[in-house]
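*Asks:* Here you go, sequence then predicted model.
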Amino acid sequence: MARAARLALALVVMGAALLPAHAADNAPAPAAASASARAATIVVRHAWMRPAPAGAPSARVYVDIDSDTDLDLVGATTPAARRVEIVRTATIGDPASEEVVPAYRVRAHATTRLAYRGDHLRLVDVTRAARNGEPVPLELEFRDGAGRRVTAPVEVSVRGLLRPEQMPGSAARGAASR
């Protein structure tokens, strides 16, 4: 009888360990892999960007990423741009030091911040206007240590002002590109 009770208790404890730690709190919805092994839990917060007109050559997205396991951010997609690049900045605030990278490491149990004037996601060839108050859908793609694909959808908040050279039909825009 004691052996059966210990076995039942072990199964209950093992089952509880498989439940996500965030299930009872109000954290943003995490993404999880569909693989049979334990999936990564990813929380994406504070995703934002400045407004950008349709036809802009690029726009930047900033975001905080938390995960319970080490991952690599390997890509992103959005209907608002032709492609999304992962950009690492060697010197904060220096666009000349920017480099497009194939992957960006997300460490377990630490916030990875893609921030204003630093590392970020670049929307290339903006296909539709990103206006204040209108969220832009974005899907981040990660790979875990076993090579499994994990995705995390996020709504990017748009806030701020357009610079004069970003205004549609602006003469300053044409002058800036010369």
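*Replies:* Happy to help now that I have it. Residues are numbered from 1 along each chain as shown.

*Asks:* all strands for this protein, in order.
*Replies:* Using DSSP state E, the strands assigned to the chain run over residues 42-49, 58-67, 71-77, 81-89, 98-101, 104-106, 112-114, 120-126, 136-144, 149-158.

*Asks:* Redo these as TSV? Include mean neighbour count and mean pLDDT.
*Replies:* C-beta here means a position set from N, CA and C on the backbone, and glycine is covered the same way. Formatted as TSV, those follow (neighbours: other C-beta atoms under 10 Å; pLDDT from 0 to 100):
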stretch	mean neighbour count	mean pLDDT
strand 42-49	19	97
strand 58-67	21	97
strand 71-77	20	98
strand 81-89	18	97
strand 98-101	13	96
strand 104-106	16	98
strand 112-114	18	97
strand 120-126	20	98
strand 136-144	20	97
strand 149-158	19	96
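
*Asks:* ok, now which ones touch Ser58?
*Replies:* Arg122, Leu123, Val124, Asp125, Val126 (C-beta atoms under 8 Å, 6 or more residues apart in numbering).

*Asks:* Dump those residues into JSON lines; add distance to Asp70 as well.
*Replies:* Formatted as JSON lines, the contacts of Ser58 follow (distance: C-beta to C-beta, whole Å):
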{"residue": "Arg122", "distance to Asp70": "24"}
{"residue": "Leu123", "distance to Asp70": "26"}
{"residue": "Val124", "distance to Asp70": "28"}
{"residue": "Asp125", "distance to Asp70": "32"}
{"residue": "Val126", "distance to Asp70": "32"}
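
*Asks:* Which of these sits closest to Asp144?
*Replies:* Closest approach between these and Asp144, by C-beta to C-beta: Arg122, at 24.2 Å.

*Asks:* For that closest one, give the beta-bridge partners.
*Replies:* Arg60, Glu85 (DSSP bridges).
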